[in-house]
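>>> Provide a 3D model corresponding to the input given below.
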Amino acid sequence: MENQMTPEKVAVFSKKDRTMLVLVVLLAAFGLAVLFSASEYNGRVRFGDSAYYFKKQLFATALGLCAMYAVSNMDYHFFLRIAPAAYLLSMILSTAVLLVGQEINGSKRWLNLGPLSFQPSEFAKVAVILFLAWQIDRSKKRTEGFWFMCRTMLSLLPIVGLVGSNNLSTAIIILGIGVILIFASNPKYMQFIGLGSAGIGFVTIFLAAESYRLERLAIWKNPEKYEKGFQTIQGLYAIGSGGIFGRGFGNSIQKLGFVPEAQNDMIFSIICEEMGVAGASFLILLFGILLWRLGVTAMCAKDLAGALICGGIMGHLAIQVILNIAVVTNTIPNTGITLPFVSYGGTSVVFLLGEMGLALSVSNSQRLR
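Residues are numbered from 1 along each chain as shown. Just a heads-up that it's a prediction; the model follows:
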């Protein structure tokens, strides 16, 4: 994984480093603007303040940007050294959610910390990326063979089981991160057929364990036949009514109580309604360029650990964006996945920006070689 960087390549890399930072800030700003529009009706009706959700998200974004700045100026090897402890802490916090977690909208995913609430599953994603990078890096060249794959995936099962008991979408993301990092570190790809088959079987059993998960499959196929399909249908109405350039920023009709919790998982439908295909394409383009930038950083990393960290962050972001858009467009069953940097959620944006700080730390270490 060691690369010899010429002065010309270092200069280009430094320039692209700033590109990643600009992309992250653009996404955060775009997300805040869209969130204000999508949430103003719910904020006014529920709390008498149309900027209620916006102000909370603004605070979380500012906190996340501070975290990104601090992390980016630290050596990422420090976070690798504490990765096992972070992974253990994520399991403790996920267990605490099952025992004393706060239930919101039928889901128990939050821990109350005084006036604030905290979603441990968001911390678990970062902990898993660091833990897998640490574990695979310690394996050195022993990353071949089916046993390596099984051993690595088995180490994820405790957190997947804890998180997946009340948050299937995050469990899927964690499994996806594991598969991506194993794939990146294992040169023999045929073994992934067995891993894929085992994964499909695991997900099938997980879906069948709870009746409401099977119900989601039925709603996905025929949303008009079920009361719970209302959100999906209204989201599709929003997408269809936006056309090429949309109704105009702030002019959504579906956010006025028709799309439930428009500021959360279904916010992409409001983007399509207000900004049309053009606005939605612009957002997807920003995500695509950021993913490309993370891929470049991974390939230019000075060691395997740095490459795996950036690869894990890239996988996390890609999986979450693809699944959210697929859910909103009813391409897959509803899984309750937020759109990174855009959907309402303070814990999510803080840890996402923290991950971007890790990627910048890897990038800076390469640039300064």
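>>> run through the helices of the stretch 101-250 of the chain in chain order.
With DSSP state H, counting those that start in this stretch as the criterion, the stretch 101-250 of the chain has helices at 120-139, 146-154, 157-164, 168-185, 192-208, 211-221, 230-242.
>>> in terms of mean pLDDT, which of those ranks lowest?
Lowest mean pLDDT within the helices of the stretch 101-250 of the chain: helix 192-208, a mean of 66.
>>> and residue 307, what pLDDT?
So, for residue 307, pLDDT stands at 93.
>>> what helix or strand is it located in?
helix 304-328 (DSSP states H and E).
>>> report the buried residues of that helix.
Burial within helix 304-328, assessed by neighbour count using 16 or more other C-beta atoms under 10 Å, is assigned to 304-321, 323-325, 327-328. Every C-beta, even on glycine, is put in place using the N, C-alpha and C of the backbone.
>>> any idea how far that helix is from the middle of the chain?
Mean-position distance between helix 304-328 and its chain equals 7 Å (C-alpha atoms, centre = their mean, to the nearest Å).
>>> and residue 74, helix, strand or coil?
Under DSSP: H, G, I helix; E, B strand; the rest coil, residue 74 falls in the coil class.
>>> run a quick neighbour tally on it.
Residues lying near residue 74 (other C-beta atoms under 10 Å) number 13.
>>> what sits against it?
residue 361 (C-beta atoms under 8 Å, 6 or more residues apart in numbering).
>>> got phi/psi on it?
The phi and psi torsions at residue 74 (degrees, to the nearest 10) take the values phi -110, psi 160.
>>> next, count neighbours for the nearest residue to residue 333 once chain neighbours are set aside.
Leaving aside its sequence neighbours, residue 333 sits nearest to residue 220 (C-beta to C-beta, 6 or more residues apart in numbering; 3.8 Å). Close neighbours of residue 220, defined as other C-beta under 10 Å, add up to 17.
>>> follow-up on the earlier one: make JSON lines from the helices of the stretch 101-250 of the chain and add distance to residue 97 to it.
Below are these laid out as JSON lines (distance: least, C-beta to C-beta, whole Å):
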{"stretch": "helix 120-139", "distance to residue 97": "6"}
{"stretch": "helix 146-154", "distance to residue 97": "22"}
{"stretch": "helix 157-164", "distance to residue 97": "8"}
{"stretch": "helix 168-185", "distance to residue 97": "11"}
{"stretch": "helix 192-208", "distance to residue 97": "18"}
{"stretch": "helix 211-221", "distance to residue 97": "18"}
{"stretch": "helix 230-242", "distance to residue 97": "24"}
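>>> so which of the ones you listed comes closest to residue 252?
helix 230-242 (6.8 Å; C-beta to C-beta).
>>> so the helix or strand just after the closest one versus helix 230-242, what angle?
Scanning forward in sequence from helix 230-242 by DSSP H and E, the next helix or strand is helix 267-299. For helix 267-299 against helix 230-242, the angle between stretch directions is 80 degrees (axes from the mean of the first three to the mean of the last three C-alpha atoms, to 10 degrees).
>>> go through helix 267-299 and flag the buried ones.
By neighbour count on 16+ other C-beta under 10 Å, the buried set for helix 267-299 is 267-276, 279-280, 283, 286-287, 289-291, 293-294, 296-298.
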